[in-house]
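Asker: Fold the following for me, if possible:
(chains A, B, C, D and E, ligands or ions: 5)
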Amino acid sequence: MSEKASFRSSGGVRGWFGRQPWYIRGVVVLLAAVAAYLLPYVGDVPLIGPQIVTEGIDWPSALFNMSYYVLLALGLNVVVGYAGLLDLGYVGFFAVGAYGTALLTSPDSILYEDTGWKWLMAVPAALVLTMIAGVILGWPTLRLRGDYLAIVTLGFAEIIRIVATSTTTLRGDRGFASIPHPPGSWGGEPIFGVTDAIPYFWLGLTVIILVILGVRNLDRSRVGRSWLAIREDEEAAEVMGVRTFKYKLWAFAIGAFIGGLGGVLFAGEQSFINSQTFVLQFSILVLAGVVMGGSGNMAGAILGGVLISYIPDRLRGLSFGDTDLYEYRFAIFGAAIILIMVLRPQGLIPSRRRAMELKDREKEVAPQ
Amino acid sequence: MDFSGLIDNFGPLTVTGLAQGAIIALFALGYTLVYGVLRLINFAHSEVFLLGTYACLFAWGLFGLDQNSAAPAVGPMLLYMLVGLIAAIIVSGAAALTVEFVAYRPLRRRNAPPLAFLITAIGASLFISEVVGVATHRNQTGVPPIIQARPVFTIGDTTVTNLQILIILLALVMMFALDRFINGSRLGRGVRAVAQNPDSAALMGVNKSRVIALVFLLGGLMAGIAAVMYDLKIGVTRYDAGFLLGIDAFTAAVLGGIGNLRGALLGGLLLGVLQNYAAGVFGSQWLHAASFVLLVVILLFRPTGLLGESLGRARA
Amino acid sequence: MTEPHQETPEEWDRENARPVDEAAPTGKPASAPARNDVRGDVLLEVDHVTLRFGGVVALNDVSFSLRKGEIFGLIGPNGAGKTTCFNAMTGVYRPTEGAIRFQGESIVGKKKHQITRGGIARTFQNVRLFPEMTALENVMVGADAHHKTSVISALFRLPRFWREEKSGRQRSLELLRFVGIAHRAGDVSRNLSYGEQRRLEIARALATNPTLLCLDEPAAGFNPAEKEDLLQLIRRIRDTGVTVLLIEHDMRLVMGVTDRIVVLEFGKKIAEGTPAEVRDNPAVIAAYLGVPTDAA
Amino acid sequence: NSGSSSDDTASEGNCGYKLAFFGALTGSAANLGVNIEQGFELAIDQYNKAKGSTCIEVAKFDSQGEASVAPGVARSLVADKKILGIVGPPFSGESEAADPIFESAGIPTITPSATRVSLSSKGWKVFHRAVANDDAQGPAAAAYIKDNLKATKVFVADDQSAYGAGLAEVVKSKLGSLVVSTDKTEGDGKQADFSALVQKVQSSGATALFYGGYYTNAGIIRKQLTAAGWKGTLLGGDGMKDPGLSKASGVQAAVGTVVTCPCSPPEAAGGTFVNDYKAKWNQDAGTYSDVAYDAANVFLQGIDAGNNTTAKLNDYLKTVNYKGIANTYKFTETGELDPNFIKVWAFKFDSSGDAKADVEIKTS
Amino acid sequence: MLLEIDNVTLAYGRIQALHGISLTVGQGEVVALIGANGAGKSTTMRAISGLRPVSQGTIRFDGDDITKMRADLRVVRGVSQSPEGRGIFPGMTVRENLEMGAYTRKVRAEIDEDLQRAFTLFPRLKEREKQAGGTLSGGEQQMLAVGRALMSRPKLLLLDEPSMGLAPMLIQQIFDIIVEINQQGTTVLLVEQNAQQALSRAHRAYVLETGRIVKEGTGAELLNDPAVKDAYLGVA
Ligand SMILES: Nc1ncnc2c1ncn2[C@@H]1O[C@H](COP(=O)(O)OP(=O)(O)OP(=O)(O)O)[C@@H](O)[C@H]1O
Ligand SMILES: Nc1ncnc2c1ncn2[C@@H]1O[C@H](COP(=O)(O)OP(=O)(O)OP(=O)(O)O)[C@@H](O)[C@H]1O
Ligand SMILES: CC(C)C[C@H](N)C(=O)O
Ligand SMILES: [Mg+2]
Ligand SMILES: [Mg+2]
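Answerer: Ligands and ions are numbered 1, 2, ... in the order given. This next block holds a predicted model:
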């Protein structure tokens, strides 16, 4: 939606990309997508391959983990990056998606007698549930200003976690086991089995691509403009006729939907969930990913989602001299966050409109 | 639900809640100060506190005290308290300043957007707590019984101990000292000016960097005091103690009106008491849920907290 | 599929507002009423409005009405309540007492965006653009006020999306041209100079397709030559059929462009009339104009 | 059983394999995981030392104790074809997530500590549990409270973990009317101020508090109870049997605290485990270190006997009858420990800061 | 010379706002700076008060090089500014805002005296003494900004469009005030769109165009300069 003129004038890879005719861009995008689908086999690439793949954790599983982190980052990016609503409790929606699936499909669920659904049947229901959760959270709280909203969303996620922990229906730490996997079989064997995570990754990737397309369509439309205007100056936006409340609610609902998708996939792959997963640190991590990658643009959010999942996973099984880096991986991760932010305050891939500003601002170093 | 759980224990729950609330309030002052001036949720403040909880343990360790020591007599106790407080204050203050210099100042230099600060804060928080976690093997460390809790007076079935009185008094005193400082002193006015319009503040002759450093330092000092009180009251610390109490403290700051010092005190006390009541009625597992429900309800009616923002920039 | 909105012929004409040099009088009756035409239709009615902030009475039983197609001046000393009056009209503040009616309908208690869609647009005394958005995007936000593209049609790129996106963009570019900053369409609005930002605000407000445009001190910070341009611009806006309400301290501009003026002091209306009447009103001179050097 | 084999070729043929530990090595649950891993590793070390070569390698897989992390780690474990058996997963939650993967790969597992009852009813053929499940421990704890402690007013609380809550429930139902009041707390690392619980305990007039949970919370609770002047006895299950409890609360406060465990005291086995452990790891053996040690030895014995494929080793587990330091191991059809060998002991914290064997509790 | 600016350039990122400007302000002078929107007037003011670092050139004040000095230290040296956009502290009362102006001063009695002077200059401020700065009307805020700038008893007073948003009567007044404080010994550098007024009160003036000084002279000279008349004074 940004003016093409300024987009094209920016340098670097993106500048080059922006200057190409549409069919070249199409081919590049297609190649990128194909490359993404081939990622599980990257370990076979000589030299660099083994550097990339994770050691302490199965590489396709690590890829699947990345895929749902990326989904969450994409969803949170809509809320935080586009609409400017600071949400510290995003994991809440992830939880609702996962629990929705579990409640409908797991034999441990009190609903099982009535539903006992397959994973696929549960998906739409779980997603609707998450969107409702988004609206329920948003309705009373979206009047609140920035950081007040942040703490309220944080509280929302905590309440979800506590409710999940402490009510018998949601089974707390006991969790829900035997959640069915996604359907389908190939040569008599189920596609989505237990030991091979590649199909799950492909599924996640496909969902990601669909989400990217959808969010991109929204971004480059009246909806995206309204979000941006709200982020920049909410009152002015309202005076210009933007229904701020409605669009904020949409941002929440869409963010919730995408987060819920992540939860649904997660439940389908794990086949077991309990309240331990949905802790606050998770939300904060995803937020860190979005901002580190570059909030307000999808490439950044994707990169951020990949990093928050990949860095800790990759540090497994690495050692430095005699010490296992293992134990230090979150400390290293924390230091990496500081370093990245200090070096690239707008994130690794700043949003296009901000990229223009980035260089400008940097030169204006005011004397301290 | 079990209202008898509350009614039977009303007095004691109130008193212990107030003591816990006072610690939360001291902790919350740091959030409120930094938020008021920089509009930054200083996530790393919880680790500033965390380091304080370990600093006084370390100082006491130098006297050969550990969790197994016997409670000291009054004379040594005063000495230990003093040493512990000083150690915690120094370490927390220094930690707060370090975070400001290492993590935030470079960003300010580069005119980074607000979210960037939040994320570095998270990074700093993660880094410190993880390093402490690795160093302590994620074990708990017990606190020496510096102050043996003794009942001072009893009203009905409610006994109030010396430790509880100390904690509550200390929180009140620190809050009022800070309040006087911010609202009465010249430097305090500088803090408010930077909070409301940094450029204009510079035009008035306020040294912005010094004010910001001061704010972090003050927050650190309060966290240090809170840390010692926490050690004495809870009796145990661990690498994630800061994160845990930090959420309460931040909630308290928002509850009272973030950026508002008195709000932090009010919010902290209210939260401490309410959590205890909720634990009484619904069971301890609902204690945090109750505090968030309270928060939401209060924000719905008072969108900027109980006392509103005072340090922060009002909307022009 | 229906058209995005029902357009009266004159509104349609406004959509095709032409660039500066080509601006020609439309010749339509509603768009160029004679000055001092006292009989025009009432568009906006401020009816005994009082607005208090605690002890401060910012508006004290103020009444006046605007007629369709006129340029109406709202003047008065600092702190007289002019901006407050704007804020009451656009839903930012709610009057303590009294009513405000727009096209016969009360707007008290309506949401800000409803009022905008209803046809009142405004600029701010302190420029409030969307700083990280380009000039064009800023205007498109205004244009979106009358669009009906839903989240669903945006998501699936339904025909309405394409239609409205295209027309909105075109119209926004035209408006940028109209206010004279088309060459900055692709620049982030934060980087525009003060004067350009003020023009952009006007374009953005116009994009909402207003019946009434409220300008709060649009000439502040302009030099006399620039003010002259602005005066022309305001006239051209009026010529497209938009009623203009203007707050301004520059008497040359106010006297030069308005059809009628209301003067406020301490929240009270102290005078109302044509520029000439107001200029000679002793109360106004005493309270506001002082020795009329500046108006020379 | 095979007896000692000094046959060089045989043992060489049975070398070059790996045994895996799967569980939390980092993260907030690391403590329990590390205790178990160290017990496991000690056994293999001793085995290799006896062989004079690194015959069986140790492979460690860090699940962080989190069900969400476990599957990926489990799949990477499964990819290593040299692994013949797994000690773990220690926690019930991660077991739910990881065991299906081990099951489909056919790698035998012995968990030294995952005590959730339902784990054995999933039809997993590779699942073996080296301890009694929660159904056994709860009644024992209740019996101890009634018979040994002779408490008449008991307060029961738990931390809402699958383990803690399950245990507390059983205890509660067995104690019946002796229970004067109950409460629940948040889990480890999620709550530090227990003043409300402490107050409730105090005002209930209970002389015993049974806490279903881990030593982390229990240490804090113990300390705060003492600070508030409560004079009763704190009791808990195996999750509280760790010197960490007294490290947090201070030895003074911890003295007298009773923990039950479906295991017999390692000293009772007369072996050198306690000292060996201390010598190797420079710390005291913790919860389930001994069971993990035994579990590793069960595998080692099986490998020694020539069961050098996962399938053979799994079959071997069906017939095993191994007397270790903590217990004797024989598994039922479903992988549960043979009921005849289920022993529950009570341990009591003394002034050494550790829980020392008190009495064996009769459960019948 | 009290203030000497030599060949100063300043950029906002890629936007070069000043292309090497040089100007001087003598002790006791009123100097006006005029120019169109975006010419760089405010930028010049910010360079002098230290809100923006300059890329090149030097700024000397009272004989010392202050080019790299922090903004707050320049205040101590005697530079005070009423900024564009007024820069009110929204959450402080009118009185507190004024007192902030005297932040670098110590003598209470003098501060009180100046406070009274500000209230005498702008009676409206006295009426609103306890109102929060952020809720004042535009013009009221302008008065407050000027009043506050005076509170530091500066040697050099920088006024960026002091008449903006003021009612006609007050515009007269504010220029009178400028002359008055100048006569009391304060040097003034004034940015104004109201060139007519500014030039007639100023001893000397500079004309800025797109970041360059294109003209300088006494106020009277520029008032009568046809080019200036044409561009900045408007057709009367
Ligand atoms: N929120 C508020 N609280 C208290 N007083 C207020 C508030 N908003 C405005 N006022 C007061 O109401 C009066 C009217 O203000 P308003 O902004 O309408 O003036 P104005 O006519 O626009 O003046 P100017 O020409 O200076 O912009 C002022 O005296 C102002 O101080
Ligand atoms: N914060 C900023 N970021 C980027 N560019 C800026 C900024 N402030 C000013 N500029 C640019 O610098 C140039 C000079 O601006 P300046 O504000 O100094 O002009 P001015 O002469 O004061 O104009 P005005 O009369 O409109 O106040 C303009 O081109 C403007 O667009
Ligand atoms: C390590 C143990 C105390 C684990 C516990 N028995 C469980 O089932 O999760
Ligand atoms: Mg106004
Ligand atoms: Mg300017």
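Asker: Whichever residue of the stretch 1-150 of chain B sits closest to ligand 1 sits in which helix or strand?
Answerer: Going by C-beta to the nearest ligand atom, ligand 1 is nearest to residue B:36 of the stretch 1-150 of chain B, at 21.0 Å. In short, each C-beta sits where N, CA and C put it, glycine included. For residue B:36, the enclosing helix or strand under DSSP states H and E is helix B:10-38.
Asker: before we move on, the earlier item: burial check on the residue of the stretch 1-150 of chain B closest to ligand 1, number of neighbours?
Answerer: 29 (other C-beta atoms under 10 Å in any protein chain shown).
Asker: who does the helix holding residue B:36 touch, helix- and strand-wise?
Answerer: The contact analysis (3 or more C-beta pairs under 8 Å, 6 or more residues apart in numbering or on different chains; DSSP states H and E) places helix B:10-38 against helix B:45-62, strand B:158-161, helix B:162-184, helix B:186-196, helix B:208-234, helix B:241-256, helix B:261-282, helix D:195-204.
Asker: and the angle from that helix to helix B:162-184?
Answerer: Helix B:10-38 runs at 30 degrees relative to helix B:162-184, counting by axes from the mean of the first three to the mean of the last three C-alpha atoms, to 10 degrees.
Asker: mind checking how far the residue nearest in space to the middle of chain A is from ligand 4?
Answerer: The geometric centre of chain A, computed from its C-alpha atoms, lies nearest to residue A:72 (C-alpha atoms, centre = their mean), at 1.8 Å. As judged by C-beta to the ion, to the nearest Å, residue A:72 and ligand 4 stand 46 Å apart.
Asker: Got the phi and psi for the residue of the stretch 51-200 of chain D found nearest ligand 1?
Answerer: Distance from ligand 1 to each residue of the stretch 51-200 of chain D (C-beta to the nearest ligand atom) is smallest for residue D:193, at 42.2 Å. Per-residue torsions, residue D:193: phi -100, psi 110 (degrees, to the nearest 10).
Asker: Pull up the gap between it and residue D:356, please.
Answerer: Counting by C-beta to C-beta, to the nearest Å, the separation of residue D:193 from residue D:356 is 30 Å.
Asker: now the helix or strand hosting residue D:219 against helix D:195-204, angle please.
Answerer: Here residue D:219 sits within helix D:215-227, counting by DSSP H and E. Counting by the same axes, to 10 degrees, helix D:215-227 lies at 50 degrees to helix D:195-204.
Asker: Do helix D:215-227 and chain B come into contact?
Answerer: Yes - between helix D:215-227 and chain B, judged by C-beta under 8 Å from any C-beta of the partner chain, the touching residues are D:216, D:219-220, D:223-224, D:227.
Asker: Surely residue A:214 and residue C:155 touch.
Answerer: Yes - contact status for residue A:214 versus residue C:155: in contact at 5.5 Å, counting by C-beta atoms under 8 Å.
Asker: how close does the residue of the stretch 1-150 of chain B closest to ligand 1 sit to residue B:259?
Answerer: Using C-beta to C-beta, we find residue B:36 at a distance of 3 Å from residue B:259.
Asker: Run through who's touching stretch A:331-339.
Answerer: A:288, A:292, A:311-312, A:315, A:325, B:102-103, B:119-120, B:122-128, B:130-131, B:133-134 (C-beta atoms under 8 Å, 6 or more residues apart in numbering or on different chains).
Asker: if you count what's nearby, which of residue D:193 and residue D:356 comes out ahead?
Answerer: With neighbours defined as other C-beta under 10 Å, residue D:193 and residue D:356 compare such that residue D:193 has more, 27 against 12.
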